[in-house]
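S.K.: Dropping the sequence and predicted coords here.
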Amino acid sequence: MELESTPAAAFDREALQGAVWYAAASLLGDSASADADLSVVRFRRADGDDIEGNDRDEGETGETADYHASTAGGAEATAVVRVRRSEVERARAVLACVDAVEGVPVRTRVRGVSGTVRACEEKYLKRPRAGSRDRTVAFAGAERRASTRGRRVDVELADGLVGATELDYRDTDH
Amino acid sequence: MTGDDGSGPRADADGGGHPAGDDTEDGAGDQQESVTDGPYAAVHTRPEGTATVARMALTAAEADYAGIVVRNHGDADAVPADPSEREHGDPADGAYVPAAVADAYDVDVVPAVEIRTDDRGQAAELLSRYRDERVVVCVHGGPLNRWAVEDPRVDVLAHPTRGEGDLNHVLVKAAARNGVRLEFDLSRMLRRTGGERVRAVRGLRKQREIVAHYDAPFVVSTDPTSHLQVRSPRALRAVGETVSFEPDRIDAGLREWGRLAARNRERLGEDFIAPGVYRGRYEEVD
């Protein structure tokens, strides 16, 4: 499963597990959620600054892990969620209903389903897509602090973050 | 009248099974379809929501949607710009060039609006105005439910059972007669818990029963106001299933936005004079 959140998101595996359990109990009820038995067995966040060449799709060659992180968090993460075979569709529904972790809004998307955790990691858990970079962009009539990841940019406005893309702003710090 | 398109998805779609086993969500195994045939996400963008049209489009494209329908409420409108003009306005304020966004992310972008007012006179004015400007025109459900289902120029009655809104046999029958799509709004299923979700589920169930009874046209949406609220069609099928909503109907409702857009674009084209009146063709209308 992939997760997208805000650039400052710093929740960990346990927090995500809590949100998944809460969503399961709420959507399915206690007994059915016990049947589904969703456990977050892997969690990885794309953290810190990355060098150029965002949007790299083939994962394992990136050096992001060794890079000094400018923030503890990061907007993108991936997770493996183990679930009973017969409950895959219900688990999918539960994960769709996870819309925040520790109060931080998240988007969830199931990349794929495999028979084993290892197969799942190999097949779907490539390194999270893009490193983030802080910059200043011209948006909403002023220079704004923003965090970019590939084509995406999250811009800080007075009343909160705005999700935009490279079509929406001009880069102003070169 | 609006009966030319078979008016929407029907209750008795074929029961296609789910793919099982190892499968990717990236569309490799999924059927590839022409743009207007795929599922569409009906969304709220800046200035009403927290994402620009472009970010919604990018996110929706990656979540396996074929298109987005930009349906901000009229009082927080996202205004499609004319690509031939030099200045397109500020994306932060909701300005967008549909074709530019569509090209960038390979996803259809449908300019739409959701009329929200309690006043029928004002609603009628807005409807006349937007009907010629936007491809899809929705009406915010609630007090205007009755009014909206009686006007064939309305494409979609949005979330008719949310809050104070209610549906009954008379309204659904009128909607079916006038080709007004009744929206199944899954936002409360996805983003609320407890009593609010229970009420939402109850409303959806009632709507489903009456809609099936009259074979009324419908659309499905999740009403996102942020790109983080976008969920894939497949996820929505799964969510629907937890409340006995057939996955095929979810699919049909997501696709119906695209069909509606295709039909209306044709009508907005040169040959179109008025609903039911075409120039130079002999189509069976009504």
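M.R.: Nice, I can see it.

S.K.: A:Glu156 and chain B: what is the separation?
M.R.: 12 Å (CB to the nearest CB, to the nearest Å). C-beta: built from backbone N, CA, C; applies to glycine.

S.K.: Neighbours of that residue, how many?
M.R.: A count of nearby residues for A:Glu156, using other CB atoms under 10 Å in any protein chain shown, gives 16.

S.K.: Assumed it was part of a strand.
M.R.: Yes: applying DSSP: H, G, I helix; E, B strand; the rest coil, one finds A:Glu156 inside a strand.

S.K.: Just grab the bridge partners of it for me.
M.R.: With DSSP bridges as the criterion, A:Glu156 is bridged to A:Leu161.

S.K.: hang on, isn't it packed against A:Ala146?
M.R.: Yes: with contact defined as CB atoms under 8 Å, A:Glu156 counts as touching A:Ala146 (6.7 Å).

S.K.: Would you map the helices across the stretch 1-150 of chain B?
M.R.: Remark: helices assigned in the stretch 1-150 of chain B by DSSP state H, counting those that start in this stretch are B:53-62, B:98-105, B:120-133, B:145-149.

S.K.: Quick one: closest of those to A:Asp35.
M.R.: Shortest distance between A:Asp35 and the helices of the stretch 1-150 of chain B, using CB to CB, is found for helix B:53-62: 31.1 Å.

S.K.: Ramachandran angles for B:Gln229?
M.R.: Note on B:Gln229: its backbone torsions stand at phi -90, psi 0 [degrees, to the nearest 10].

S.K.: Tally up the residues packed near A:Glu143, please.
M.R.: The burial count for A:Glu143: 11, using other CB under 10 Å.

S.K.: swap that for A:Thr108, sorry
M.R.: A:Thr108 has 28 nearby residues by other CB under 10 Å.

S.K.: what angle sits between the longest strand that chain B contains and helix B:53-62?
M.R.: Across chain B, the longest stretch assigned as strand under DSSP state E is strand B:108-115. Calculated by axes from the mean of the first three to the mean of the last three CA atoms, to 10 degrees, strand B:108-115 forms an angle of 120 degrees with helix B:53-62.

S.K.: Check what contacts strand B:108-115 and list those residues.
M.R.: Applying CB atoms under 8 Å, 6 or more residues apart in numbering or on different chains, the external contacts of strand B:108-115 come out as B:35-36, B:40, B:42, B:44, B:53, B:57, B:66-74, B:77, B:80, B:96, B:98-99, B:101-102, B:123, B:126-127, B:130, B:133-140, B:144, B:158, B:257-258, B:261.

S.K.: tell me the domain ranges of chain A?
M.R.: According to automatic domain parsing, chain A comprises the domains A:2-124, A:133-171.

S.K.: thinking again about what came up before, including mean neighbour count, distance to chain A and mean pLDDT, could the helices of the stretch 1-150 of chain B go into CSV?
M.R.: Putting those into CSV (neighbours: other CB atoms under 10 Å in any protein chain shown; distance: least, CB to the nearest CB, whole Å; pLDDT from 0 to 100) gives the following:
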stretch, mean neighbour count, distance to chain A, mean pLDDT
helix B:53-62, 28, 4, 97
helix B:98-105, 18, 6, 95
helix B:120-133, 14, 22, 95
helix B:145-149, 23, 27, 96
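
S.K.: hang on, A:Ser86 in a strand?
M.R.: No: counting by three-state DSSP, one finds A:Ser86 to be helix, located in no strand.

S.K.: do you know how far it is from A:Ala79?
M.R.: 21 Å (CB to CB, to the nearest Å).

S.K.: Who has more neighbours out of those two?
M.R.: Per other CB under 10 Å, whichever of A:Ser86 and A:Ala79 has more neighbours is A:Ala79, with 20 against 9.

S.K.: for the record, mean pLDDT for the helix or strand hosting the more buried one?
M.R.: For A:Ala79, the element it lies in under DSSP states H and E is strand A:76-82. Averaging pLDDT along strand A:76-82 yields 93.

S.K.: Okay then, goodbye and thanks.
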